[in-house]
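# just to be clear, the model below is a prediction. Sequence and coordinates:
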Amino acid sequence: MKKDKPNLITKRSENGKPANGISRRGFLKGAGLTTAGTAMASTGVLGFNQPETVLDDETMGPEATTIALKVNGRTRRVNVEPRTTLAQALRYHLQLTGTKVVCDRGACSACTVWLNGEPVNSCMTLALDVGDKEVTTVEGLKRDDALHPVQQAFIDHDASQCGFCTPGMIMSTAHLLEKNPNPTIDDVKHAIRGNLCRCGTHPHVFKATLEAAKKM
Amino acid sequence: MNKFSWYDAKTVNDALEQVNATVSEVLASKVSDQSAVFKCGGTDLLDMMKEGLVAPKKIVNIKNIAGLDAISYHQKSGLKIGANVTLAQMEANAEIKQNYLALHQAVAHAGTPQIRNMASLGGNLAQRTRCWYFRSLDHECLRKGSGTCFARNGENEFHAIMKNGSCSSVHASSVSTALMAFDASVEIAAADGKKRTVKMTEFFVTPGDDSSRESILEANELITAVIIPPSGSKTKSYYIKQGARESYDWAIADVAVVLEVSGSKCKNANIVLGAAAPVPIRSEAASTALIGKEITEQTAKDSAEASMKGATPLSKNAYKVPLFKAIVKRAILKTT
Amino acid sequence: MDTKKVKFPHGIPGHNLSEVEREIPTGEPPAWPINDDLKVVGKRVKRTDALAKVTGAAKYTSDIQLQGMLFGRMLRSNYPHAKIKSIDTSAAEKYDGVYAVHVFKNAVGMAQAKDGGNSAGFPDVKFAGQPIAGVAAISVDVAEEALKLIKVDYEYLPFVVDLEEAQKPEAPVVFKTDVDQEDRGGGGGGQSGLKTKGNLRGPSTSSFFGGPRGDVEKGFETADFIVEHVYRTQVHTHCSLETHGVVVDWRPDNVTIYASTQNTNSVRHEFAEMFDLPKSKVRVITEFMGGGFGAKHSLGNFGVMAGHLSKKSGRPVSMMLDRKEEHISSGNRPNSVQYLKIGAKKDGTLTAIKQKSHGTAGVGLGAGVGRIAQVMYECPNFSTEQYDVFTHAGPGAAWRAPGNVQGAFGLEQAMDELAEKLNMDPLALRDVIDKSDVRKVERQRGAKQFDWSRRKKPGSDSGTVKKGLGMAQSTWPRFVNLNSTVEIRAYKDGAIEVRSGVQDIGTGTKTILAQVVAEELGMKPEDITIRIGDTLFPTGPGSGGSIVTGSITPPARNAAYKLKLELFDQVAKELETVSSKLSMSGGFIVSQEDNSKKIAVKDALKKMRTEQITTSASRSDDYGGFKMGSFLAHGDLGSVQFAEVSVDTETGFVKVDKIVAAHSCGRPLNITQLEGQINGGVIQGVSYALYEYRVMDNETGHQMNGNLDQYKLPFAMEIPEIETIIVEDYGGRSSTDAYGIGEPANIATAVAVANAVYNAIGVRIYELPITPDKVLKALNKI
């Protein structure tokens, strides 16, 4: 990690701001501004020759609008802004907090829900994007009040530790078994290749999924 | 995320009337924050919006435009994939797997199963680099309008080893590596109702030409399809991607090899490297080294060596040179 | 205290099992036999809270939604070193949807300079990501919009983030005066009172294991062989899936804090201290917790901020860090540059170990390499110098066996190298220098299961992808926290409830409590209700140092035993005997004099005079006393791990194919959960060995991979096959004789992998993580 030519101490102008062009640090956004912070404003710059954004009757938002979401077999009305993600709508508007948000960027699959039976990242799906598709969350996996075989197998084979990745793991593995009731361990690995677990439950998840397959 | 309004476009023309900027223009501060931009799968746009890199005033949803979500294949005319086709649809398509193996392999290794269910082909081509300086709100890099590439003497282990003189980021689309190897073209619609079809080799823009963008797309344009020429029975292909992890990752190095063979002799070759340069590149040297030769361990190795000629690795990515040599050789041998 | 003499099982079944007599308090239960003769303890009992986890019903701190709750966010400096001249929050305060704004007056959650280090009334900024102010608003989005309106006027100062650059004389200094950092309930901090010069603090040369011993230079003179190298390990971040965070509900009469913490007790302590409240008015609740691994012992600056915002707004405030904040500000395992020199005689006997280390925990303390080199092997001459190096980077925190994982990377590679020089098998060398019985058994059983005899000479595997086998060992102390209390309530309807402040961070504490109490009461674990993770209940230990099992299960058993005696008292007359002649099993209280005289426990409970009876017990001293003070028990938690790897010599990529992990933890309580813990330690070790590291940009002082995309963690296909061996190791030290396994599971893996990589390619790699660039460099391919 060592630098060939360390440039640790930068010449600075009198006010302490890094002098542009001397250090690459000069280009650190906000270093010379008074509003420095991780939450940077996107500054509106005038004078561009750009057509104005068209706002018409068919445009929704930016304020909240009431939409219908089909979730776990029921139609629910939620009042959401266009920027509201499906994960936020589920967690904060419908109190379905089984769906977890971990990376918030589609890189860990903790927020996995099914849209028309296919797993997606609810953190990267806008609620308005759902339309009339059926949303299934971990809370909606039970059939006739019985646990999904994967849920039962996760209990039987101790496939959760802290449990925070568990809903996403279950949505991924249950989807696998719905499509392929006879998976190999490689199929299981493929199904959860995007599901992050930090406790290291993977070996038990593999086992639980294969055992659940026997009961599908 | 910032507040924005939402428009569901019904047709391509409808969509084109609503937008007024590309995401790249917003990123490079070339347009005001009154921008209206396209969203299909949203996996890249939302990522940038959540980082605060872009804050469009309006999102034009193109996902529900009819007619952009089909894959059609004819032996004579080849393959046409609508821009809104998801990577998962491509992965599941039997004709792609049978006739364009390297493309199937590239798609199957892109992202996670969840992401593949969301991400569209058009969005995959239009996505921006994953360079961590580019993706950082705190770093005003060359691609965002400053004169500095932080990676050049900074943290560059995943960066470009060729053509990296100005910006050393690499393009994020590994699907493009395969598409370019199959000599695909991108069909682009413009607001005036005109269409243009551009070869993959012409689609990307190098930072040397214009550091503020990675593709030729203009604000009044929308990708509508990708077209791939027919693949004959003598066409053999293979794709290998090496990321830091096997489970899912961006490519540190990837290669697509499309060969036309006669017996075990290589009649024609198209070898494309991803994550080597700022945009996917055809390695003419690698192809030349192979054309007219029997495909053997030695000729594959010679081609692989040729592929890395002129490489200019940075302080932390010299390992990518032997890595590319290994996967190029292996991909060539896997076609036999 | 009245005592009685009791015989306990002692030793390892199948190896040297015998008995030991201990003098124990009369009020404590008789000895349990070994696990084979128990019904519930040591068995594969299902996790008691699994149903809540698999259905999404489990409510974690980040799931708490209270009426009127606001969302807090913090403004953080994006510059690594600065003085704050002024802060203007007026626009943020007026912003629609904002209910409270607060500006930090003191830096929290990092080492504290003796001079305070403040200027203009604001703490100096010492790392990129240090929080400055906070906002509580109706949503996270609104709070973030308001943050953008806060104007901070900085005076920018030069900074340094690189370990080695920070030690140079011209380097910018992080702390101008001596500093200290309190250990928050097992969550890090450092040895107090050490001197700081420039950015160098220390050296630390001694610990509770003692100081230097013998004369190392003389020891090296008598050595036949010397191994001497510098080993390097990386900074990496905990990446708990649930980020750090709290919900603070400040009411006029009391404050309730829902916390994602490993330590309800220390969070209460810190909050009460910070806000000058009596502990009786502060309640901390942790029902479910989404991963900690050592970094979640403290209230944290986010907790302090949430307290201020809730107090100011009069509303509950949820303050959960986002993923980037989690990486840059909430803890990491410090890096290390370790010089290690080991001398040995021809027969393997060690003559001297000399160690010197530097590491950076950023603006925090705790960058040592632990004491594994001091304690694992017999060696008459030992010295260590361990330095903390300050840098302008986020504070380090404890992580599974703090220091020891780094220390093991040096020590166990050196032992591997020494064995080769001595022409000894690595296992045979350990047989000479390691006096631990349990590790001897682990070596034997592990080698058999792993088939160690397959191991070839280094670098001798043919082909492009070379296989290699390696092994490494570890030790971890048996820590006990006597401040551990359990209360048990029996209700008239037959219900049994266990209460303690101790939290279950996913390790299965709830389940083992149910097992221990069920075993004692002759009931089923599922009949026991476990209520823990709430400071309304008696204080429990923090979940750190693998301390929980050994601290909380003896009082749980003892309280159950007391309850049993109370019940016996109530029914003895009816069963025509005295209470000492009664026993409880299978749901019945039975007279030992006449089996036919019995009463169902449920019926006995119905006869209680009150609706419920309550017993409680606190952790008593270890039977036979402690090794040191009242926290360090006799014995250790030893492990031996074996690794099989494949190294692609063309691409440089390494894959771990298999790990066999042999472990001991006294009396094992739940085999399935132990296997889970070991799997977890191993997988984190594989990740440490091959994948993850903090990418810190030296020129801007920013972490470039503060997300879960560029920060490389293993997923399904990176997970090796893992086989576990759990060796029962009885010592008769408490009523359960059980200890934890969280930390031991993580120590040996990375270095076992490194030794296997050496075995595969015949070239040793002295730096973690073992990424392709290092492998190709070792092979002279770049």
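The structure has been received and is ready for your questions. Everything numeric in this text was worked out from a predicted model, so none of it was measured. Numbering: from 1, shown residues only, chains lettered A, B, ... in the order given.
# helices or strands up against the longest helix belonging to chain B?
As assigned by DSSP state H, the longest helix anywhere in chain B is helix B:320-334. Counting contacts by 3 or more C-beta pairs under 8 Å, 6 or more residues apart in numbering or on different chains; DSSP states H and E, helix B:320-334 packs against strand B:235-242, strand B:253-262, strand B:265-274, helix B:297-307, helix C:772-778. C-betas here are computed from N, CA, C, even on glycine.
# quick one: residues contacting the closest residue to residue C:73 other than its chain neighbours.
Nearest residue to residue C:73, sequence neighbours excluded (C-beta to C-beta, 6 or more residues apart in numbering or on different chains): residue C:143, at 4.0 Å. Counting by C-beta atoms under 8 Å, 6 or more residues apart in numbering or on different chains, residue C:143 makes contact with C:70-73, C:98, C:135-137.
# in which helix or strand does the residue of chain B found nearest chain C reside?
With C-beta to the nearest C-beta, the shortest gap between chain B and chain C falls at residue B:247, namely 3.3 Å. Residue B:247 belongs to no helix or strand when assigned by DSSP states H and E.
# isn't it up against residue C:713?
No: using C-beta atoms under 8 Å, residue B:247 makes no contact with residue C:713, being 9.5 Å away.
# mind checking how far the spatially most central residue of chain A is from chain B?
By C-alpha atoms, centre = their mean, chain A has its centre lying nearest to residue A:123, at 3.1 Å. Distance, residue A:123 to chain B, using C-beta to the nearest C-beta, to the nearest Å: 8 Å.
# can you say which of the helices and strands packed on helix B:320-334 is nearest to residue B:285?
With C-beta to C-beta as the criterion, residue B:285 lies closest to helix B:297-307 of those, at 4.1 Å.
# and that closest one, what's buried?
By neighbour count with 16 or more other C-beta atoms under 10 Å in any protein chain shown, helix B:297-307 contains the buried residues B:299-304, B:306-307.
# okay, the closest residue to residue C:529 other than its chain neighbours: pLDDT?
Once flanking residues are discounted, residue C:529 sits nearest to residue C:497: 4.5 Å by C-beta to C-beta, 6+ apart. Here, the pLDDT recorded for residue C:497 equals 98.
# can you name the residues bridging to residue C:497?
Bridge pairing for residue C:497 (DSSP bridges) gives the partners residue C:489, residue C:529.
# residue C:54 belongs to a helix?
Yes: per DSSP: H, G, I helix; E, B strand; the rest coil, residue C:54 lies within a helix segment.
# follow-up on the earlier one: distance of the closest residue to the residue of chain B closest to chain C other than its chain neighbours relative to residue C:691?
Nearest residue to residue B:247 in three dimensions, chain neighbours excluded: residue C:715, at 3.3 Å (C-beta to C-beta, 6+ apart). Per C-beta to C-beta, to the nearest Å, residue C:715 is found 10 Å from residue C:691.
# shared neighbours of the two, anything?
Shared contacts of residue C:715 and residue C:691, defined by C-beta under 8 Å, 6+ apart, are found at residue B:245.
# neighbour-wise, which of these two wins?
Neighbours per residue, other C-beta atoms under 10 Å in any protein chain shown: of residue C:715 and residue C:691, the larger number sits with residue C:715, 24 against 20.
# isn't the more buried one up against residue A:191?
No: the criterion here is C-beta under 8 Å, and residue C:715 misses it with residue A:191 at 11.3 Å.
# residue B:130 - how many residues pack around it?
Here the number of neighbours of residue B:130 (other C-beta under 10 Å) works out to 19.
# next one: residue C:34
Around residue C:34 there are 15 other residues, counting by other C-beta under 10 Å.
# the strands in chain A, which residues?
Counting by DSSP state E, chain A has strands at residues A:65-71, A:74-80, A:112-115, A:118-121, A:134-136.
# just want the residue of chain A that's nearest chain C.
Of all residues in chain A, residue A:98 sits closest to chain C, at 1.8 Å by C-beta to the nearest C-beta.
# list the residues that contact the residue of the stretch 101-250 of chain B found nearest chain A.
Proximity of the stretch 101-250 of chain B to chain A (C-beta to the nearest C-beta) peaks at residue B:112, 2.5 Å away. Residue B:112 makes contact with A:106-107, A:109, A:121, A:193-194, B:248 under the criterion C-beta under 8 Å, 6+ apart.
# for the residues you listed, give me CSV that also has neighbour count.
What follows is the contacts of residue B:112, written out as CSV (neighbours: other C-beta atoms under 10 Å in any protein chain shown):
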residue, neighbour count
A:106, 29
A:107, 26
A:109, 31
A:121, 32
A:193, 23
A:194, 26
B:248, 23
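# return the member of those residues nearest to residue C:543.
For residue C:543, the closest of the contacts of residue B:112 turns out to be residue A:109, at 26.5 Å, with distances computed as C-beta to C-beta.
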